[in-house]
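Enquirer: sequence and predicted model, in that order:
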Amino acid sequence: MEEKKICLVCGNEMILQQPPGWCMEREWVCEYCKENKKKEKEKKMKDNSFYGFREKGIGKKFQSFALEIVAGCQLRCGNCYRDFHEKTDPMPSDFISRMIAEAKSEGFAELVFIGGEPTLHPNLAKHSEEALETNLSPILCTNGIRLANKKYCERIVLDGSTVVIHGMLPVPGKIMNKHVKVDGYQEKLHSAYKNLEELRTRRNFTIVAEAVAIKPFLPYLLDFHKFCRNNGYVPFVELNRRGNSGFANELSASPEELKNLFIQLQEWDKDNAPEKADSLLTPPAYGNKCTMSITGLHVKNFGNGNYGEVYSCCAQTICHGDLREKCLGEIIADPTMQVYKNQDEWISGPCKTCSHYPICKGGCRGEAVLTFGCPRASCPVCWHISQEIRSDTGKMMPETCNGCVLEGNSSCGPKR
């Protein structure tokens, strides 16, 4: 039986021969407009794969507010900077809800759910919805295991969100599974990507595929980068930073190896999408300059009920306060924040006078503090600084702590 309807998009009359299978807000869209909508979405996904994903809140006072909502993880990756926690140790939901409200009030753009493995938190779906409702862009950083469950994936991955998931590297499964010390991990990761692919035909969200530059993965990262570009994922290839204890991981690529890798990625981009290629290669990541310690905050979860301390990024050692004792506004006003928020004034060493500093903002600030014990030090993994100078503490950090707002702080220990 024929039925006449008006297309919601173009306004033309259309005749329905059978009950249609696609609608929008209970009004019909013709096949021509439906096809155009599909093409626009595919183009948008492909375009998104060339841009960074974080710290993009234009006009916002602050950028990323990260919560380690759990301490535990199912994986035991050989390159992880965290100590392994057997227990999940989730942050209480009432605390997370309060943090979301305060982050919104203080002018943050993004709410980052991190861990450990954040999908282990029993109320992640609720808190993702809270973030969206308060106009914070939720970013989920996950190993992907729980997203292999289709129903769970649909509950967690919402319209307007960003999923940062372990990269599906073209490495043999036995190598990947051995690296994370979990049998069958690569197969679950494949299932997670399959579920995300199906879901993004119905929802609008960004997929960021993350890979760290460790020696076993280096031969595969160019192909990984190509795969991401061709499938509409944002490729996120970054250095493997030191552990929280300050020790370098033997698996980490050297600064020179990282530079050579980034050159390969840049050359491929120049040949295939020149307008999207990274114009200045610097650590810590290709195409994603990091300003987290300047524009963001990170709330840690050490496990066993010890959560709530605020740092300027996951690698920093200076605690600005405890959110169980103070509100976020009080912590932002703490004097220890000056070295980070006013970094241009306080940074020392080669980064201070480098012509690239206005763009890279001192490379990886986490590596600086973990290597030299001083958040004002220059980046020790930047190939724009000679190897000789990179290892010279006298040139890479302030000569003295005199006059520094962190002078006498028990968590600041310059390694002179």
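Expert: Alright, I've got the coordinates. Residues are numbered from 1 along each chain as shown.

Enquirer: quick one: His225 and Val237 touch, right?
Expert: Yes: if you go by C-beta atoms under 8 Å, His225 and Val237 touch, sitting 6.4 Å apart. Yep, even glycine has a C-beta here, placed from its N, CA and C like the rest.

Enquirer: which residues are contacting stretch 105-114?
Expert: 54-57, 60-69, 100, 103, 121, 124, 127-128, 131, 136-141, 296-297, 314, 328-329, 332 (C-beta atoms under 8 Å, 6 or more residues apart in numbering).

Enquirer: buried among those? Need that as a selection in PyMOL.
Expert: Filtering the contacts of stretch 105-114 down to the buried ones (16 or more other C-beta atoms under 10 Å) takes a single PyMOL command:
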select buried, resi 54+55+57+62+63+64+65+66+67+68+69+100+103+121+124+127+128+131+136+137+138+139+140+141+296+297+314+328+332
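
Enquirer: filter the contacts of stretch 105-114 down to the ones in helices?
Expert: Judged by DSSP state H, the subset of those located in helices is Ile100, Ala103, Leu124, His127, Ser128, Ala131, Leu328, Gly329, Ile332.

Enquirer: quick check: Gln130 touching Asp94?
Expert: Just so we're on the same page, residue 130 is Glu rather than Gln. No: the pair Glu130 / Asp94 is not scored as a contact, 11.6 Å apart, by C-beta under 8 Å.

Enquirer: where along the stretch 251-400 of the chain do the strands fall?
Expert: Using DSSP state E, counting those that start in this stretch, the strands of the stretch 251-400 of the chain run over 297-301, 307-311, 321-322.

Enquirer: now for Cys382, how many residues are close by?
Expert: By other C-beta atoms under 10 Å, the residues close to Cys382 number 24.

Enquirer: leaving out chain neighbours, which residue sits closest to it?
Expert: Leaving aside its sequence neighbours, Cys382 sits nearest to Gly363 (C-beta to C-beta, 6 or more residues apart in numbering; 4.6 Å).

Enquirer: for the one you found, give me its contacts.
Expert: Thr282, Pro283, Pro284, Cys290, Cys351, Cys379, Val381, Cys382.

Enquirer: go on, Val381?
Expert: Val381 neighbours (C-beta under 8 Å, 6+ apart): Leu239, Pro255, Leu258, Pro283, Pro284, Gly363, Cys364, Glu367, Arg390.

Enquirer: make it 10 Å
Expert: Neighbouring residues of Val381 by C-beta atoms under 10 Å, 6 or more residues apart in numbering: 239, 241-242, 248, 252-256, 258-259, 282-284, 363-364, 366-368, 371, 390.

Enquirer: and it, what pLDDT?
Expert: Predicted confidence (pLDDT) for Val381: 97.

Enquirer: and it, how far from Asn304?
Expert: Noted for Val381: a distance of 32 Å to Asn304, by C-beta to C-beta, to the nearest Å.

Enquirer: number of residues surrounding the residue lying closest to Thr134 once chain neighbours are set aside?
Expert: Using C-beta to C-beta, 6+ apart and skipping residues adjacent in sequence, the residue nearest Thr134 is Lys104, 4.1 Å away. Lys104 has 18 neighbours, counted by other C-beta under 10 Å.

Enquirer: ok, Lys104 to Pro255 distance?
Expert: For Lys104, the distance to Pro255 equals 38 Å [C-beta to C-beta].

Enquirer: cool, and Lys150?
Expert: Counting by C-beta to C-beta - Lys150 and Pro255 are separated by 41 Å.

Enquirer: between the two, who's got more neighbours?
Expert: More crowded of Lys150 and Pro255, by other C-beta under 10 Å: Pro255, with 21 against 14.

Enquirer: pretty sure that one contacts Pro283?
Expert: Yes: here Pro255 reaches Pro283: they are 7.0 Å apart, a contact under C-beta atoms under 10 Å.

Enquirer: now for the closest residue to Ala368 other than its chain neighbours: which residues touch it?
Expert: Once flanking residues are discounted, Ala368 sits nearest to Ala377: 4.4 Å by C-beta to C-beta, 6+ apart. With contacts defined as C-beta under 10 Å, 6+ apart, Ala377 is in contact with 347-351, 362, 365, 367-371, 393, 395-398, 414-415.

Enquirer: go again using 7 Å as the cut-off
Expert: Ser348, Gly349, Ala368, Val369, Met396, Met397 (C-beta atoms under 7 Å, 6 or more residues apart in numbering).

Enquirer: number of residues surrounding the last one?
Expert: When you say that, I think you mean Met397. Residues near Met397, counting by other C-beta under 10 Å: 26.

Enquirer: do the same with the first one
Expert: Using other C-beta under 10 Å, Ser348 is surrounded by 19 other residues.

Enquirer: can you check the pLDDT for the closest residue to it other than its chain neighbours?
Expert: For Ser348, ignoring the flanking residues on the chain, the nearest one in space by C-beta to C-beta, 6+ apart is Pro398 at 4.4 Å. Looking at Pro398, its pLDDT reads 96.

Enquirer: and the one 10 residues further on, by the same measure?
Expert: Predicted confidence (pLDDT) at Gly408: the value is 92.

Enquirer: kindly report the same for Arg155.
Expert: Per-residue confidence at Arg155 stands at 97 (pLDDT).

Enquirer: please apply the same query to Gly362.
Expert: 97.

Enquirer: list the contacts for it?
Expert: Counting by C-beta under 7 Å, 6+ apart, Gly362 has contacts Gln343, Ile347, Cys351, Ala368, Ser378, Cys379.

Enquirer: could you list the low-pLDDT ranges of this structure?
Expert: Counting by pLDDT under 70, the chain has low-confidence residues at 1-5, 8-9, 11, 14-29, 34, 37-59.
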